[in-house]
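[1] my questions concern the predicted model and sequence given below.
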Amino acid sequence: MEDKYIKHFSEILKNAKPINGADAVLKAPNIQGDVRVQYQDQPDLERIARQFGVFQEWKDGVPRTAYKGVVVFRHPPPRQVLLVGPNSFKLLGIKGV
């Protein structure tokens, strides 16, 4: 069952349009569909999450709501924003992204 979910989740992540920069929150509404923003570490994720008005809680060095280092939320619905950790692509077996 988890294999099917990983495949499904990986497709969503691969198809999300990457956005970069300190102004990701301003760019996201101008893009059709889901978007992904890469973060490097805990302070970086917290900075990006604050821009989107999302509170991020940590447990044992991992974002509490993350799956394989990816935090997903809707901004504005139905668009998904995926905050992607430094090892997330590797953990999900995604290459060439």
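    On my side now, so go ahead.
[2] residues contacting the longest helix seen in the chain, please?
    For the chain, the longest helix by residue count, based on DSSP state H, is helix 2-15. Contacts to helix 2-15, defined as CB atoms under 8 Å, 6 or more residues apart in numbering, come from residues 33-34, 36, 67-68, 70, 80, 82, 84, 88-89, 92-94, 97. Bear in mind the C-beta positions are built from the backbone N, C-alpha and C, glycine included.
[3] recalculate using a threshold of 10 Å.
    Helix 2-15 is contacted by residues 33-34, 36, 67-68, 70, 72, 80, 82, 84, 88-89, 91-94, 96-97 when judged by CB atoms under 10 Å, 6 or more residues apart in numbering.
[4] show me the strands in this structure, by range?
    Along the chain, counting by DSSP state E, strands occupy 17-18, 35-38, 58-59, 62-63, 70-74, 80-84.
[5] need the nearest residue in space to Val81, chain neighbours excluded.
    His75 (4.9 Å; CB to CB, 6 or more residues apart in numbering).
[6] in PyMOL, how would I select just the buried ones from the contacts of helix 2-15?
    Buried residues among the contacts of helix 2-15 (16 or more other CB atoms under 10 Å), as a PyMOL selection:
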select buried, resi 34+36+67+68+70+72+80+82+84+88+89+92+94
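[7] before we move on, the earlier item: thought the residue nearest to Val81 was touching Val25?
    Yes. His75 is within contact range of Val25, at 7.9 Å (criterion: CB atoms under 10 Å).
[8] residues that sit against both of these two, list them.
    Gln51, Phe52, Gly53, Val81.
[9] can I get those residues in JSON lines with distance to Ile12?
    Converted to JSON lines, these look like this (distance: CB to CB, whole Å):
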{"residue": "Gln51", "distance to Ile12": "22"}
{"residue": "Phe52", "distance to Ile12": "18"}
{"residue": "Gly53", "distance to Ile12": "22"}
{"residue": "Val81", "distance to Ile12": "12"}
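[10] make JSON lines from those residues and add pLDDT to it.
    Shown next, in JSON lines, are the shared contacts of His75 and Val25 (pLDDT from 0 to 100):
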{"residue": "Gln51", "pLDDT": "91"}
{"residue": "Phe52", "pLDDT": "91"}
{"residue": "Gly53", "pLDDT": "89"}
{"residue": "Val81", "pLDDT": "95"}
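[11] kind regards, and thank you for your time.
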